[in-house]
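Following is a predicted model, sequence given first.
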Amino acid sequence: MIAAQQALARLKEGNRRFVTNVQGRERFVSGARPLELLAHQEPFAAILGCSDSRVPVEIVFDQGLGDLFVIRVAGNIVAPSQIGSVEFAAEKFGTRLVVVLGHSRCGAIEATLEQLQTPKENQSRNLHSIVDLVRPSVEGLLATDLRHNLDALVREAVRANIRASVNHLRHGSEIIEQLIQTSGLLVVGAEYSLETGSVNFFDGVDATYG
């Protein structure tokens, strides 16, 4: 089992390699590696990320087979299935780091802001379910001066949604809460920049993330 801070350091180092276009040995897969993983896996981090095709998690963190437990959904939202997936990784595989990974210019966030300002009656109920989960974390921003600056509004909405997802994971499951309190599980937020390729871990990941 890899401790949360050690796992966090591995992710940061992997992203540095990605940004500088230096591929690490983690991405080179020997013919034996798939066979090694048949009987056992021990991903050192679980990543709840957005489904956006521009944010392939293993590539962004320069990791290989068996390294990451990846959960992807538009808007990196937290619904029961995502909570259950995190519980599964933490209990079954001993994963001690969970990262909610949002990204700049997120289409799900933009769609939610558009829906809040100009509701679409014909929006599919499936897409609406995503919007409804994003809505509580971003609608308050429309009451601020940010509503006059679309780029700034989207940027802050992305970060607000990440923080809300982190909070939901930390406090939406008795299993996760217990593992945080007794077993060193750490749930943190991060934002991937489409412009630079860098991942920014924010809100003091070295302290308790509340």
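Thanks, I have it.

Within the helices and strands, which one has residue 159?
Assessed by DSSP states H and E, residue 159 sits inside helix 150-171.

what packs against that helix?
Judged by 3 or more Cβ pairs under 8 Å, 6 or more residues apart in numbering; DSSP states H and E, the packing partners of helix 150-171 are helix 80-92, strand 97-103, helix 107-117, helix 125-138, helix 174-182, strand 186-192. Any C-beta I mention is one placed from the backbone N, CA and C, and that applies to glycine too.

Residue 49 is nearest to which of those?
Evaluated over the helices and strands packed on helix 150-171, closeness to residue 49 peaks at strand 97-103, with 4.0 Å, by Cβ to Cβ.

Run through who's touching stretch 119-129.
Contact partners of stretch 119-129, identified using Cβ atoms under 8 Å, 6 or more residues apart in numbering, comprise 111, 114, 115, 131.

buried ones in stretch 36-43?
Residues residue 43 are the ones in stretch 36-43 that count as buried (16 or more other Cβ atoms under 10 Å).

now do stretch 55-69
In terms of neighbour count (16+ other Cβ under 10 Å), stretch 55-69 has its buried residues at 55, 57, 58, 60, 61, 62, 63, 64, 66, 67, 68, 69.

So which of those residues sit within helices?
Judged by DSSP state H, those include 57, 58, 60 as members of helices.

Might you report the residue contacts of the last one?
Read it as residue 60. 15, 18, 192, 197, 199.

And the nearest residue to residue 133 once chain neighbours are set aside, how far from residue 184?
Distance criterion Cβ to Cβ, 6 or more residues apart in numbering; nearest residue to residue 133, sequence neighbours excluded, is residue 77 at 4.3 Å. Look at residue 77 and residue 184: by Cβ to Cβ, to the nearest Å, they are 26 Å apart.

of the two, who's got more company?
Looking at residue 77 and residue 184 with other Cβ atoms under 10 Å, you find the greater number of neighbours at residue 77, namely 22 against 13.

Which neighbouring residues are in contact with that one, exactly?
Residue 77 sits next to 108, 130, 133, 134, 161, 165 when contact means Cβ under 8 Å, 6+ apart.

Tell me, how many residues neighbour the second one?
Meaning residue 130. Residues near residue 130, counting by other Cβ under 10 Å, number 18.

quick one, what contacts it?
Taking Cβ under 8 Å, 6+ apart, we find residue 130 in contact with 73, 74, 75, 77, 108, 111, 112.

likewise the fifth one?
Contacts here follow Cβ under 8 Å, 6+ apart; on that basis residue 161 touches 75, 76, 77, 102, 106, 109, 134, 137, 138.

let's go with 10 Å and repeat that
By Cβ atoms under 10 Å, 6 or more residues apart in numbering, residue 161 lies in contact with 50, 75-78, 100, 102, 106, 108-109, 112, 133-138, 189.
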